[in-house]
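Peer 1: what follows is a protein structure lacking sequence information:
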């Protein structure tokens, strides 16, 4: 939990920097830069390089500078160098996640993951996104995955919440209610 709090603080600082130095456009530019950086540090060899205590901070910074310079805003690059100076480079992916969450929160947007038993067509994607937007009162960015273990229905995850509308869960709930009703009648 401590790492999440630290990452959230760095993300909050980055968001504040973006707001002060260019507003909404810079917030989006920094978001794109964070996604680029998060994609790079998700690679096992890059992650190992950045977290190895045998590699001096100056070498890590030079490698990051070489990879990012000209591709990300200078202020963002200076922020990344500060993260490395503070020996928090292991948190770069988490900082990216927290930054996106803060930007989404500010924009009244929520990201949801929808697991469904079959590949959805565009009409179903739109219907699900619109229904979730109405229920949550926010703009919804939905990503869909096919889960062949689902018999039917879908499971929606957002934040710490799970909405389970799968056939399996519905059948299990029905079974529990029937057992409870039977037990109540026999008591």
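Peer 2: Now that the structure is in, tell me what you want to look at. The structure presented is a predicted model; accordingly, all values stated were derived computationally and were not measured. Numbering: from 1, shown residues only.
Peer 1: only C-alpha atoms from now on, for both contacts and neighbour counts.
Peer 2: Noted.
Peer 1: got a list of contacts for the helix or strand hosting residue 75?
Peer 2: Residue 75 is located in helix 74-85, with elements delineated by DSSP states H and E. Residues from elsewhere that reach helix 74-85, judged by C-alpha atoms under 8 Å, 6 or more residues apart in numbering: 14, 30, 33, 57, 60, 61, 65, 68, 69, 89.
Peer 1: give me the buried subset of those residues.
Peer 2: In these, burial by neighbour count holds for 14, 30, 33, 57, 60, 61, 65, 68, 89, counting by 16 or more other C-alpha atoms under 10 Å.
Peer 1: greatest separation within those residues: which pair is it?
Peer 2: Greatest spatial distance among the buried ones among the contacts of helix 74-85 (C-alpha to C-alpha): 30 and 57, at 23.0 Å.
Peer 1: if we can go back for a sec, give the buried residues for the helix holding residue 75.
Peer 2: In terms of neighbour count (16+ other C-alpha under 10 Å), helix 74-85 has its buried residues at 76, 77, 79, 80, 81, 83, 84.
Peer 1: CSV for these, including distance to residue 103 and pLDDT?
Peer 2: Supplementary listing: those in CSV, determined by distance: C-alpha to C-alpha, whole Å; pLDDT from 0 to 100:
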residue, distance to residue 103, pLDDT
76, 16, 94
77, 19, 94
79, 17, 95
80, 18, 94
81, 22, 94
83, 20, 94
84, 23, 92
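Peer 1: can you list the residues you listed in TSV and add distance to residue 20?
Peer 2: What follows is the buried residues of helix 74-85, written out as TSV (distance: C-alpha to C-alpha, whole Å):
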residue	distance to residue 20
76	13
77	16
79	14
80	17
81	19
83	19
84	23
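Peer 1: what is the mean pLDDT for the host helix or strand of residue 104?
Peer 2: Assigned by DSSP H and E, residue 104 belongs to helix 92-107. Per-residue confidence for helix 92-107 averages out to 91 on the pLDDT scale.
Peer 1: next, the angle from that helix to helix 74-85.
Peer 2: With axes from the mean of the first three to the mean of the last three C-alpha atoms, to 10 degrees as the criterion, the two stretches helix 92-107 and helix 74-85 enclose an angle of 130 degrees.
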